[in-house]
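Student: Just need the structure, nothing else, for what follows:
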Amino acid sequence: MNGANKAMEPRVHGVREPAHPFSGIESSMHGLTVPSAKMCGEDGLAASSFSRRSFVRLAGLAGASFAFFGPLALSGCAADPNVLRVGTKIDVPGFGFQNPETGNIDGLEVDIARELARRIKGDPNALKVTGVNVTTRGAMLDNGTLDATLATFTITEARKKSYNFSRPYYTDHIGVLVKRSSGITDLAGLDGKTVGVALSATTRDKLTAAGDEIGIHMKFAEYSTYPEIKIALVTGRVDAFSVDRSILNGYVDDSTMLLDAQFAPQEYGVATKKSNTQLADQIDAAIAAMQDDGTLTALQERWGLSTEAPGADGSEGGASHA
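Tutor: This next block holds a predicted model:
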């Protein structure tokens, strides 16, 4: 667990950042039942293998530890060619969120994964979902734990060198969440402030570029999960929380607000291992069909998510994304 704790501490650029609120996670988790390899082949979501009691305790840790148990649950399992193994977020309401009452993971990306399983494997239930975050979604493709990830994974030219991406299934823009009491009302108000962002996300570079355009400078603190950033905002360790606006909508409460500013379109694609071109082609074709027959629009409406029409210009795999 010591290695896990170390990996979860925020990387900070331009500011000294104390250890995050979950630094005591090791002692807090004594008594939790960790799923074992014998669960391989059991029906249902991998993420639902925890007992209700264990999940509630994990939820109390704001989901910070789940990504480490997901791989453990599947470790040593031989891949079933009849099952699509997909990684989704568990901390993004509307896209992939684990209900603390039922333990189920629900959202747009889970529904898309189920539809992919139906179209590729012939059965929407031929699906195993594992929770991932920004630091594990790529690694679990690399080590063969997952076949694909639908995890608000923005398509970039740099990332396409490491993974295959389908054409985009959702387009968002970067936004900024602040405390109502902060006095920050626009992007210019972030000058000299510390902004919390996700590890390895595109947000930091995009926000820096937007700041350069208006002559302001920001500092950044990077975290492994979105709940950690929200806690950092509420406790005053960062002055703002920046990620895609649709993600931020799930973290707005009476004490916080979204700035009107939005910038840098973010196209989400389904990622697969670079060598798995056959599955990549199947997924891209399925996403194209879902776009053409209205399935994507229907699923977005189901979850209250509006979007620019993905791939409307005929582009594939997010090629138009800088």
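
Student: For stretch 227-240, C-alpha coordinates in CSV please.
Tutor: Only the C-alpha atoms of stretch 227-240 are listed here, as CSV (Å, rounded to 0.1, in the frame of the first residue of the first chain):
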residue,chain,number,x,y,z
PRO,A,227,-13.0,14.1,-5.8
GLU,A,228,-9.5,14.9,-4.5
ILE,A,229,-9.4,18.1,-6.5
LYS,A,230,-12.9,19.1,-5.3
ILE,A,231,-11.8,18.5,-1.7
ALA,A,232,-8.7,20.6,-2.4
LEU,A,233,-10.9,23.4,-3.6
VAL,A,234,-13.3,23.2,-0.7
THR,A,235,-10.5,23.2,1.8
GLY,A,236,-8.6,26.1,0.1
ARG,A,237,-5.6,24.2,-1.0
VAL,A,238,-6.4,25.2,-4.6
ASP,A,239,-8.2,28.3,-5.8
ALA,A,240,-9.9,26.6,-8.8
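
Student: in stretch 258-265, what's buried?
Tutor: Neighbour counts over stretch 258-265 (16 or more other CB atoms under 10 Å) mark 258, 259, 261, 262, 263, 264, 265 as buried. For glycine as for every other residue, the C-beta is placed from the backbone atoms N, C-alpha and C.

Student: Can you tell me which of those residues is nearest residue 193?
Tutor: residue 259 (12.1 Å; CB to CB).

Student: check contacts around that closest one.
Tutor: 175, 176, 177, 178, 184, 185, 186, 187 (CB atoms under 8 Å, 6 or more residues apart in numbering).

Student: if you set the cut-off to 6 Å instead, what comes out?
Tutor: By CB atoms under 6 Å, 6 or more residues apart in numbering, the contact list for residue 259 reads residue 176.

Student: again, but for residue 273
Tutor: residue 141 are the contacts of residue 273 under CB under 6 Å, 6+ apart.

Student: on that earlier part again, and the buried residues of stretch 258-265 as a markdown table, adding secondary structure?
Tutor: Output for the buried residues of stretch 258-265, formatted as a markdown table (DSSP: H, G, I helix; E, B strand; the rest coil):
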| residue | secondary structure |
| --- | --- |
| 258 | strand |
| 259 | coil |
| 261 | coil |
| 262 | coil |
| 263 | strand |
| 264 | strand |
| 265 | strand |
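
Student: This completes my enquiry, with thanks.
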